[in-house]
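Peer 1: model this:
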Amino acid sequence: MEVATAMTTVESVRKRSKARSNGAETGPKGKREELGKWGRAWEVDWFSLTSVVLLLCFAPFIVFFFVMTCDQYQCSISHVLLDIYNGDASPLSIWSQAPSFTWTAAKIYASWVTFQVVLYMCIPDVTHKFLPGYVGGVQEGARTPAGLINKYEINGLQCWIITHALWAANAYYFHWFSPTIIFDNWIPLLWCTNILGYAVSTFTFVKAYLFPTNPEDCKFTGNIFYNYMMGIEFNPRIGKWFDFKLFFNGRPGIVAWTLINLSYAAKQQELYGYVTNSMILVNVLQAIYVLDFFWNEAWYLKTIDICHDHFGWYLGWGDCVWLPFLYTLQGLYLVFNPVQLSTSHAAGVLILGLVGYYIFRSSNHQKDLFRRTEGNCKIWGRKPSYIECSYRSADGAIHKSKLLTSGFWGVTRHMNYTGDLMGSLAYCLACGGQHLLPYFYIIYMTILLVHRCIRDEHRCSNKYGKDWRRYTDAVPQRLLPGIF
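Peer 2: Model prediction:
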């Protein structure tokens, strides 16, 4: 493993594959038509454009609606809708009662983001040196559509540990601030996160036109709304060390996820004098997911977020606002509606969550093991089967790849998503069945992962061509065995 020192630990060293002599057309039009067909779309149909415009317009209001429903209506969606229907409330009246932006929240959020930037770029990872099995430090990402391979400083687990150690030290010893500080400033923080989300999305949008990091990996559709939403640059960076995609995907939002849940638990303790078993379940199950993300951050470099998505509003605003406010709805709900589950109910939720996590992690581990060993391994006690395929990157080079058809990947083509959905359902079931609001997460995740299945398979079909059809013939089930 390559070891770098000081600031060079986070620099990106790019490797360009040699283009083979294949007579392919290499001009811009040729690249579009022949070489770079995988990745984000070059052209936008009306359905995609309409979806993009609707998301840009309504996604911020969806977040605002759920947060205000909890703040003003005890998380009862039916109550707020009935009030609006009967004329007892209106969107404007709800807006007028919402806490406004505060400089206190701005200072909290600015300090938080700055602290995460410092941890990300200034402290090289050392945890991989003493944690067996953990892969950290400088790691290579996947090959981009233009044939580039970026390097990343993987130190997310270390950032999470330092952050939570300081949080615990403050809560039990220093008492610099209340553990409920996040909940107490929750709505003012919503405005702050929106400011950052729109600022970073706009900056990278302009940057793509004026000074892109890798011009070969930029995609311009000719539609300003789609370009802004889905992004133009593949891996925008400042210099050679600050990667927007990795930082915003994995730092301010996901590190904060477990802190937000801890703040909810602290608020429940403050309000009622106890913490419910449902709140403990939500904290534990979601903490397992977050820790899994950081333990496998090097593997994450090979996932769709890094390998295919360009960096635009979808990731910039989504990671700043959508993730921390909507992925934590269960904990927020339990502050306003403390639910003490029966022993059998709690056990069922825990088992569902753990089984879902096992499927999610095991399937991802199988794929990672297969990729690292190039198929020279055993999965479920036998040598794995696979479909060998090839694809061409935008620089004209032809590359070989293998698609696993054994283990969980022989059951469905996206078994990791199946496990993810089981875990998501467990978070929601921990909140009981009195209100619909905490179940938004499983509804959203189902839509997200089904759409991701379709989007991923469309890209793979473009990337691998007839080899992809051979793969789908070998593994006909997509997500749910016998159903979808």
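Peer 1: which outside residues touch stretch 113-122?
Peer 2: By CB atoms under 8 Å, 6 or more residues apart in numbering, the residues outside stretch 113-122 that reach it are 7, 10, 153, 155, 158-159, 162-163, 196, 241-242, 247, 251-252, 255. Any C-beta I mention is one placed from the backbone N, CA and C, and that applies to glycine too.
Peer 1: between these, which has the most around it?
Peer 2: Within the contacts of stretch 113-122, N155 tops the neighbour count with 28 neighbours, counted by other CB atoms under 10 Å.
Peer 1: hang on, isn't that residue packed against Y134?
Peer 2: No - N155 is beyond contact range of Y134, at 11.0 Å (criterion: CB atoms under 8 Å).
Peer 1: where do the contact lists of the two overlap?
Peer 2: T127.
Peer 1: before we move on, back to that, the contacts of stretch 113-122 in helices, which ones?
Peer 2: Of those, the ones assigned to helices by DSSP state H are Q158, C159, I162, T163, L196, F247, P252, V255.
Peer 1: Tell me which two of the residues you listed sit farthest apart.
Peer 2: Largest separation among those by CB to CB: Q158 and L196, giving 23.1 Å.
Peer 1: what's the offset of stretch 127-141 from the middle of its chain?
Peer 2: How far stretch 127-141 lies from its chain's middle: 21 Å, per CA atoms, centre = their mean, to the nearest Å.
Peer 1: again with stretch 405-417
Peer 2: So, by CA atoms, centre = their mean, the centroid of stretch 405-417 is 21 Å from its chain's centroid.
Peer 1: start to end distance for that stretch?
Peer 2: End-to-end distance of stretch 405-417 (CA to CA, to the nearest Å): 16 Å.
Peer 1: residue contacts, L291?
Peer 2: Residues near L291 by CB under 8 Å, 6+ apart: L157, W160.
Peer 1: mind saving the C-alpha coords of the helix or strand that contains it as PDB?
Peer 2: Here L291 sits within helix 277-295, counting by DSSP states H and E. Only the C-alpha atoms of helix 277-295 are listed here, as PDB (Å, rounded to 0.1, in the frame of the first residue of the first chain):
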ATOM      1  CA  ASN A 277     -36.200   0.900  23.900                       C
ATOM      2  CA  SER A 278     -37.500   2.100  20.400                       C
ATOM      3  CA  MET A 279     -35.000   5.000  20.500                       C
ATOM      4  CA  ILE A 280     -32.200   2.700  21.600                       C
ATOM      5  CA  LEU A 281     -33.100   0.300  18.700                       C
ATOM      6  CA  VAL A 282     -33.000   3.200  16.200                       C
ATOM      7  CA  ASN A 283     -29.700   4.400  17.500                       C
ATOM      8  CA  VAL A 284     -28.100   1.000  17.500                       C
ATOM      9  CA  LEU A 285     -29.400  -0.200  14.100                       C
ATOM     10  CA  GLN A 286     -28.600   3.000  12.300                       C
ATOM     11  CA  ALA A 287     -25.200   3.200  14.000                       C
ATOM     12  CA  ILE A 288     -24.400  -0.200  12.600                       C
ATOM     13  CA  TYR A 289     -25.200   1.000   9.100                       C
ATOM     14  CA  VAL A 290     -23.000   4.200   9.600                       C
ATOM     15  CA  LEU A 291     -20.100   2.300  11.000                       C
ATOM     16  CA  ASP A 292     -20.400  -0.300   8.200                       C
ATOM     17  CA  PHE A 293     -20.200   2.600   5.700                       C
ATOM     18  CA  PHE A 294     -16.900   3.900   7.200                       C
ATOM     19  CA  TRP A 295     -15.400   0.500   7.800                       C
END
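Peer 1: Mean confidence (pLDDT) on it, please.
Peer 2: Throughout helix 277-295, pLDDT has a mean value of 95.
Peer 1: likewise stretch 332-339?
Peer 2: Mean per-residue pLDDT for stretch 332-339: 96.
Peer 1: got the contact list for that stretch?
Peer 2: By CB under 8 Å, 6+ apart, the list of residues contacting stretch 332-339 from outside reads 67, 70, 74-75, 183, 186, 264, 267-268, 271-272, 276, 278-279, 282, 430-432, 434-435, 437-438.
Peer 1: distance of F242 from D309?
Peer 2: Distance, F242 to D309, by CB to CB, to the nearest Å: 18 Å.
Peer 1: quick revisit: make a markdown table out of the ones in helices among the contacts of stretch 113-122 and add pLDDT and distance to L190.
Peer 2: Converted to a markdown table, the ones in helices among the contacts of stretch 113-122 look like this (pLDDT from 0 to 100; distance: CB to CB, whole Å):
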| residue | pLDDT | distance to L190 |
| --- | --- | --- |
| Q158 | 95 | 29 |
| C159 | 95 | 23 |
| I162 | 96 | 26 |
| T163 | 96 | 21 |
| L196 | 96 | 11 |
| F247 | 93 | 21 |
| P252 | 87 | 14 |
| V255 | 94 | 18 |
